[in-house]
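J.: Okay, structure incoming, though there's no sequence with it:
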């Protein structure tokens, strides 16, 4: 297709007229489709039916170590669950604590704990004048919401195809003692689907933070969430790299089974050095007696081990792959060569990131909404919901059935073109 | 039996000799019994086998309101679970949020939130020079551990048979703006089994706190945990009393099913006024996407409604009652009239509280430990683990099988007598 920047004014006006007709036609269908959040689809959830066979009245509820999972205790999780989640994080069970149903909750509590009680003996952040976090952008809105709630100043770090701009990260972390953390989704990143390169991971591990209580918040949410067999991205394991670099305490790893079994009914885990875990344990032993060990047991019985989990993820991939391919095909077919946006083609994760012409994202999302298609809010992928270029839109294709997704993408691509033409005519 | 205060020195020495023989004999048996914590017994847990039938592969996972409980969302809990927990707290579903597996965790987070973010818009407590909590004593060690972790000053409030000394409570709360809370276990209190009188509840509801962000932390852990049919303690519902007194925002109510279904795999809830809940919701919506709705569904399906839960609690009572009766009978038989201690005879809850002669509790617990019986640490029932009289011992008879409990009580009563005689001989 011809790049719209090469259109004459008359051609643009004519195209706008066509697009408005298409838009009004689509709108008249009165659709109500939601592509706002990265939810698994009903088809994926239905696939998990056997999960509800894992514990039954005749099951044994005793863990390998003889713990009755029906009673209090085991703050760090039962050993076999720690092993499973450790394998998911590619670290050891001793470096792993299994928590409740939400890694977001674990991350929130980790930041909150640092606010009130510090990090491994450091001054609590709320006693400091200024605390800052680095935020690779575009990124995960719920990360930014946590740091925003605690009044932590957020600094945008542009993403490259290898991960965050590490020159900038090093400049901030190694020089500014107010910088206490960086939010990372290192594999199949939210929303871009980028996996950090080996060099990026090594540069992270070799940071020399000005602040002793600086940590990398490594949210490996999509670690085993591949879309293709034989085309999996590889991510260097960071805790090991940190040890090699003499920085064993530098990273907090987070993961969960929210998109492996059930969102809200999975198990979450934190991975870190022994020194970090000892401190965290000393705090959380006051916060709770223990997390849900029966749910830990369900997960262990369901998957047996990490190999079972990997096999299981292939079933998710089989459901998700056609949806991602439909997104990429639709964008290519409807928008390819027009110069109205760019997008990624991820090998895993839950999102496709769309970069519209500057100043068009809000308009596109608003046009979609009016036509019955709810997208993630424009700006949501930036701290303070402020996308300085008003360009990024997160496409979350996992939840709708494929027929709905098709309709939604028809509307989305019309809206992209329409908003772009409007923008060109403004100029 | 004769009060040991009437014994001559020679009689005491002779009794000490006898008791030492009994003690050494008991010790030689090499027992290993644990009465430290209020754990349900295996017999109680086995009784819950049908719980594992509530959800199976063919179940519907859709809530009454059409929510797929297998997916994200419903921050406040599914409606039917909110109703169940509301009924447990004798308030409305709109005044109830269902959380995860632990009410202790909810209480911890409630205090933590107040430290960092304040209470309904008040100054965060960590910005204040001094924050104080009132602690009815003896009380629940894990409450005191929370306020201790956050550096909150704890003030002992003596318990009476009607609840905390309300003259003192009113004096502190109504005059000192640094007093931000009071820990209460209002029904079958931990450890004394005391239920607050109507007058106590009304005086609580009519407090005129000097601090706008003062709240009553009303941990109704044993609200339906009766031991006897027809001999249930009655507790006035405090949220309603607060409303009547024009103080609707004064109280946070907490409860859970930890000792109804499974410790660690139950569901917990918070009850409070709409204004309180609106504020809390605005915070926790950043902390998590939602709690475990499948576990909420399991509970709703298992009990049907609050009547089902009440019926269910009778089965727990049938298992627990003989254990409590054994404790009371043993104490009466072995210690009655000796003047070596006092104890309560509760109608519900999980504990019997034993008040030894002043200065004897640590020695008794230590003697028990040496003879293979682990009790709750002496002092644990007081802030900072400091029982100024070194008198209170919490007896937790629920976990051991009745035969073990019998052996443990034999040793306990010997140790009480021995420590008391030693104390008399010191004088």
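T.: That came through, no problem. All of these numbers come straight from a predicted model, not from anything done at the bench.
J.: all strands for chain A, in order.
T.: Listed in chain order, the strands of chain A (DSSP state E) span A:33-35, A:96-98, A:132-137, A:153-160, A:163-164, A:179-184, A:215-219, A:251-256, A:268-271, A:341-343, A:352-356, A:373-375, A:392-395.
J.: Out of these, which is closest to residue B:328?
T.: Shortest distance between residue B:328 and these, using CB to CB, is found for strand A:96-98: 40.3 Å. Yep, even glycine has a C-beta here, placed from its N, CA and C like the rest.
J.: What is the closest one packed up against?
T.: Contact here means 3 or more CB pairs under 8 Å, 6 or more residues apart in numbering or on different chains; DSSP states H and E; on that basis strand A:96-98 packs against helix A:79-89, strand A:268-271, helix A:274-287.
J.: Could I get the buried residue list for the longest one?
T.: This points to helix A:274-287. Neighbour-count burial for helix A:274-287, counted by 16 or more other CB atoms under 10 Å in any protein chain shown, picks out A:276-277, A:279-280, A:283-284, A:286-287.
J.: now stretch A:32-49
T.: By neighbour count on 16+ other CB under 10 Å, the buried set for stretch A:32-49 is A:33, A:35-41, A:44-45, A:47-48.
J.: from those residues, which is closest to residue A:1?
T.: residue A:35 (23.7 Å).
J.: rewinding a little: using JSON lines, lay out the helices and strands packed on strand A:96-98 together with mean pLDDT.
T.: Conversion of those to JSON lines gives the following (pLDDT from 0 to 100):
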{"stretch": "helix A:79-89", "mean pLDDT": "98"}
{"stretch": "strand A:268-271", "mean pLDDT": "98"}
{"stretch": "helix A:274-287", "mean pLDDT": "98"}
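J.: Could you export these as JSON lines, including distance to chain B?
T.: Output for those, formatted as JSON lines (distance: least, CB to the nearest CB, whole Å):
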{"stretch": "helix A:79-89", "distance to chain B": "13"}
{"stretch": "strand A:268-271", "distance to chain B": "10"}
{"stretch": "helix A:274-287", "distance to chain B": "4"}
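J.: Columns distance to residue A:60 on top of those, output as CSV?
T.: Listed next are these as CSV, based on distance: least, CB to CB, whole Å:
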stretch, distance to residue A:60
helix A:79-89, 13
strand A:268-271, 24
helix A:274-287, 27
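J.: closest one to residue A:421 among the ones you listed?
T.: Nearest to residue A:421, of the helices and strands packed on strand A:96-98 and by CB to CB, is strand A:268-271 at 45.2 Å.
J.: what sits up against that closest one?
T.: When contacts are defined by CB atoms under 8 Å, 6 or more residues apart in numbering or on different chains, strand A:268-271 is touched by residues A:77, A:82, A:85-86, A:88-89, A:91, A:95-103, A:105-106, A:110, A:239, A:252-258, A:277, A:280.
J.: Contacts only, for the nearest residue to residue A:114 once chain neighbours are set aside.
T.: Nearest non-adjacent residue to residue A:114, counting by CB to CB, 6 or more residues apart in numbering or on different chains: residue A:125, 5.4 Å away. With CB under 8 Å, 6+ apart as the criterion, the residues that contact residue A:125 are A:114-115, A:118, A:131, A:150, A:152, A:180, A:213.
J.: If you rank the residues you listed by neighbours, which is first?
T.: For those, the largest number of neighbours (other CB atoms under 10 Å in any protein chain shown) sits with residue A:180, at 28 neighbours.
J.: Quick check: that one touching residue A:216?
T.: No. Using CB atoms under 8 Å, residue A:180 makes no contact with residue A:216, being 10.7 Å away.
J.: Burial check on residue A:30, number of neighbours?
T.: 8.
J.: What sits closest to it if chain neighbours are left out?
T.: residue A:372 (6.3 Å).
J.: Residue A:130 too?
T.: With CB to CB, 6+ apart as the measure, residue A:178 is the residue that lies nearest to residue A:130, at 4.7 Å, once sequence neighbours are left out.
J.: what's the burial count for that neighbour?
T.: Residue A:178: 17 surrounding residues under other CB under 10 Å.
J.: Against residue A:109, how distant is the residue nearest the centre of chain A?
T.: For chain A, the residue nearest the mean C-alpha position is residue A:190 (4.1 Å; CA atoms, centre = their mean). Between residue A:190 and residue A:109 the distance is 20 Å, computed by CB to CB, to the nearest Å.
J.: Residue A:203 and residue A:165: what is the separation?
T.: 11 Å.
J.: Between those two, which has more neighbouring residues?
T.: Ranked by neighbour count (other CB under 10 Å), residue A:203 and residue A:165 place residue A:203 first, with 20 against 17.
J.: separation between residue A:341 and chain B?
T.: Counting by CB to the nearest CB, to the nearest Å, the gap from residue A:341 to chain B is 28 Å.
J.: State the number of residues packed around residue A:133.
T.: 26.
J.: Repeat that for residue A:334.
T.: For residue A:334, using other CB under 10 Å, the count is 17.
J.: surely it meets residue A:413?
T.: Yes. Applying CB under 8 Å as the test, residue A:334 and residue A:413 come out as touching, 3.7 Å apart.
J.: can you pull the pLDDT of the nearest residue in space to residue A:295 that is not next to it in sequence?
T.: Leaving aside its chain neighbours, residue A:295 sits nearest to residue A:267 (5.9 Å; criterion: CB to CB, 6+ apart). Residue A:267 carries a pLDDT value of 98.
J.: hang on, the residue nearest to the centre of chain A packs against residue A:350?
T.: Yes. Residue A:190 lies in contact with residue A:350 (CB under 8 Å); the separation is 7.0 Å.
J.: which bits of the stretch 251-400 of chain A sit near chain B?
T.: Within the stretch 251-400 of chain A, the positions near chain B by CB under 8 Å from any CB of the partner chain are A:258, A:262-265, A:283, A:286-295.
J.: picking that back up, which of the helices and strands packed on strand A:96-98 sits closest to residue B:355?
T.: For these, the distance to residue B:355 is smallest for helix A:274-287, at 26.9 Å, taking CB to CB.
J.: Which strands and helices lie in contact with that closest one?
T.: strand A:96-98, helix A:103-117, helix B:103-117, helix B:141-149.
J.: Burial check on the residue in the stretch 301-427 of chain A positioned nearest to chain B, number of neighbours?
T.: Per CB to the nearest CB, residue A:399 is where the stretch 301-427 of chain A lies closest to chain B, at 8.6 Å. For residue A:399, the neighbour count with other CB under 10 Å is 22.
J.: Having no further points to raise, I will conclude here.
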